[in-house]
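J.: A structural model of the following input is requested.
(chains A, B, C and D)
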2 protein chains.
Amino acid sequence: MVNTRERILNISFQLFLQKNYKEVTLKEIVEKTGMSKGAFYHYFESKEQVFLECTNFVISSAMDVYKKISKNSLLEFYHDFLNHNNLEMFFPASENKDFHYQLNIFSLFFEGAKLFPSFQEKLVEITQMELNVWKEIVQLARQKGEIKSVMSDEQIAKMFLYSADGAGMHSIFSKGSIQQAQSSILQLWDSFYEEIKC
Amino acid sequence: MVNTRERILNISFQLFLQKNYKEVTLKEIVEKTGMSKGAFYHYFESKEQVFLECTNFVISSAMDVYKKISKNSLLEFYHDFLNHNNLEMFFPASENKDFHYQLNIFSLFFEGAKLFPSFQEKLVEITQMELNVWKEIVQLARQKGEIKSVMSDEQIAKMFLYSADGAGMHSIFSKGSIQQAQSSILQLWDSFYEEIKC
DNA sequence: GTATATAGACCGAACGGTTGGTATGTATTA
DNA sequence: TAATACATACCAACCGTTCGGTCTATATAC
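T.: Next up, the predicted model:
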């Protein structure tokens, strides 16, 4: 049974993925949780504090993803990555049925970075860490003879990461589902992989 | 001499590139223009109308870009594209000196698409049109023997477009300048081009 | 030429509604 | 009973919008 504090966080997080910070009102958070403002302020100092915790939650979850995916080959790596890097993973299955809205992690990043310098720093760190992980995987793949390319490890890594972000963004523009976005990204990556594999 | 209506639009547009819709207040628009709320409402029905006009302005400007860039080769095309596709082009040179803020076209797109179904449709149209233009250029480049790749025209086109968007977004996360973002995109594209050229 | 009427440009105070937050009270739990 | 969890009423500030007003330029009538 999830406790009250976590319930507030979960629901707030869902809302922050659907609308930007200022659009999500305390009134709405309170209504969606079925609680009261008094209860909200019992657990949290401010709306801002909730938002900060949500942004930090995203960061730590993103870091966790890299801990559990296969590093045996680039091919396995990116397939595994896509299977794990999914916004729906943040929500208990029982809540998914109520959830047909457009999720936008990018807006949350932009705003978090703007509101909290500490988050911005962490975001920069984690994107750099991400790039490094991909570079290592690419380097290994190259050494093992899995891939061959005139592109540097760094540019290949960037190509994978940035194209996925761009594809994700375009999916949001066109109101596609998360599954559609992932399918599009996979197609793109498979295609690129075909280009550089030995 | 720019007239009052355009002055309000220009300044509003700059603000909407720096903050999201709800963060930009009428008070601020009015202060920045040196006018009054009454004057604002003399020209515009609502804050929302101004925002809609800003979003439509972006769309038409984006379409104009494709009209003036070279289509002789993929190499020329993407270099020319980068030279023209620059947020700073929206602002008169005399105003640039006051302008050291982070510009975020993506947030403007997300919000426009959310607030205005008509804008969302146009956005989808223009991204599709964009993709088609790039596909044609890639196809031509392939036919001319400029490039050779196992990737389909569409996937190559997507790779160029989406990687640039992703790179742009990362630049915003790390508070880089527009010039830095473009330089990063060019490096990525040059690298990819090296991979697929004959 | 002068007085009057009109339109447009612009102003700032007031309006009604909403917001995040605070203070106080009540219910629940150990 | 005391501590914790929660509810409700209220607050001040803020928001976008409306409204009555002023100023200036121009047109018209005499």
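J.: The residue in chain A that DNA strand D sits nearest to: which element?
T.: For chain A and DNA strand D, the shortest gap (C-beta to the nearest atom of the strand) falls at A:G38, measuring 1.8 Å. All C-beta atoms are positioned from the backbone trio N, CA, C, and that covers glycine. Element membership for A:G38 (DSSP states H and E) is helix A:37-43.
J.: Other residues contacting that helix?
T.: A:T4, A:R5, A:I8, A:L26, A:I29, A:V30, A:T33 (C-beta atoms under 8 Å, 6 or more residues apart in numbering or on different chains).
J.: Would you check how far apart the residue of chain A closest to DNA strand D and A:L26 are?
T.: According to C-beta to C-beta, to the nearest Å, A:G38 and A:L26 sit 11 Å apart.
J.: Could you check which of those two has the larger neighbour count?
T.: A:L26 (14 against 8; other C-beta atoms under 10 Å in any protein chain shown).
J.: My read is that the more buried one contacts A:Q49, right?
T.: No - using C-beta atoms under 8 Å, A:L26 is not in contact with A:Q49; the gap is 12.0 Å.
J.: thinking again about what came up before, tell me the one among the contacts of helix A:37-43 nearest to B:S184.
T.: Distance to B:S184 across the contacts of helix A:37-43 (C-beta to C-beta) is lowest for A:I29, with 37.8 Å.
J.: Report the separation between that closest one and A:E23.
T.: Taken as C-beta to C-beta, the span from A:I29 to A:E23 is 12 Å.
J.: Would you mind telling me which of those two has the busier surroundings?
T.: Set A:I29 next to A:E23 and count neighbours by other C-beta under 10 Å: A:I29 wins out with 22 against 16.
J.: Does at least one residue of the longest helix seen in chain A sit close to chain B?
T.: Longest helix in chain A by number of residues (criterion: DSSP state H): helix A:117-143. Yes - contact between helix A:117-143 and chain B, assessed by C-beta under 8 Å from any C-beta of the partner chain, occurs at A:Q120, A:L123, A:V124, A:T127.
J.: Chain neighbours aside, what residue packs nearest to the third one?
T.: Distance criterion C-beta to C-beta, 6 or more residues apart in numbering or on different chains; nearest residue to A:V124, sequence neighbours excluded, is B:S174 at 4.9 Å.
J.: Verify the stated contact: the one you found with A:L131.
T.: No - between B:S174 and A:L131 there is no contact under C-beta under 8 Å: 11.3 Å.
J.: what element comes up after the helix or strand of chain A with the lowest mean pLDDT heading to the C-terminus?
T.: Of all helical and strand segments in chain A, the minimum by mean pLDDT, DSSP states H and E falls on helix A:93-96, at a mean of 48. Going down the chain from helix A:93-96, the next helix or strand is helix A:105-115, by DSSP H and E.
J.: Output that next one as CSV - backbone C-alpha positions only.
T.: In CSV, the C-alpha atoms belonging to helix A:105-115 read as follows (Å, rounded to 0.1, in the frame of the first residue of the first chain):
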residue,chain,number,x,y,z
ILE,A,105,9.8,14.4,-20.3
PHE,A,106,11.5,17.1,-22.3
SER,A,107,9.4,19.9,-20.9
LEU,A,108,10.1,18.6,-17.4
PHE,A,109,13.8,18.7,-18.1
PHE,A,110,13.7,22.3,-19.5
GLU,A,111,11.7,23.6,-16.5
GLY,A,112,13.7,21.7,-13.9
ALA,A,113,16.9,23.0,-15.4
LYS,A,114,15.4,26.5,-15.3
LEU,A,115,14.0,26.4,-11.8
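J.: Show the pLDDT at the residue sitting furthest away from the middle of chain A.
T.: Residue farthest from the centre of chain A, counting by C-alpha atoms, centre = their mean, is A:G38 at 31.4 Å. For A:G38, the pLDDT comes out at 90.
J.: and A:E31, how many neighbours?
T.: A:E31, neighbours per other C-beta under 10 Å, totals 12.
J.: just to revisit the earlier point, how about the helix holding A:G38 and DNA strand C, touching?
T.: Yes - with C-beta under 7 Å from any atom of the strand as the criterion, DNA strand C is reached by helix A:37-43 at A:K37, A:G38, A:Y41.
J.: Pull out the buried residues from that helix.
T.: By 16 or more other C-beta atoms under 10 Å in any protein chain shown, the buried positions in helix A:37-43 come out as A:F40, A:Y43.
J.: Distance from the chain centre to it, please.
T.: Here helix A:37-43 is found 28 Å from its chain centre; the criterion is C-alpha atoms, centre = their mean, to the nearest Å.
J.: what do you get for stretch A:28-36?
T.: Distance, centroid of stretch A:28-36 to centroid of chain: 25 Å (C-alpha atoms, centre = their mean).
J.: wait, does it make contact with chain B?
T.: No - figure legend: stretch A:28-36 not in contact with chain B (C-beta under 8 Å from any C-beta); closest approach 13.8 Å.
J.: Now do that stretch: everything it contacts.
T.: A:T4, A:R7, A:I8, A:I11, A:S12, A:L15, A:K37, A:A39, A:F40, A:K47, A:V50.
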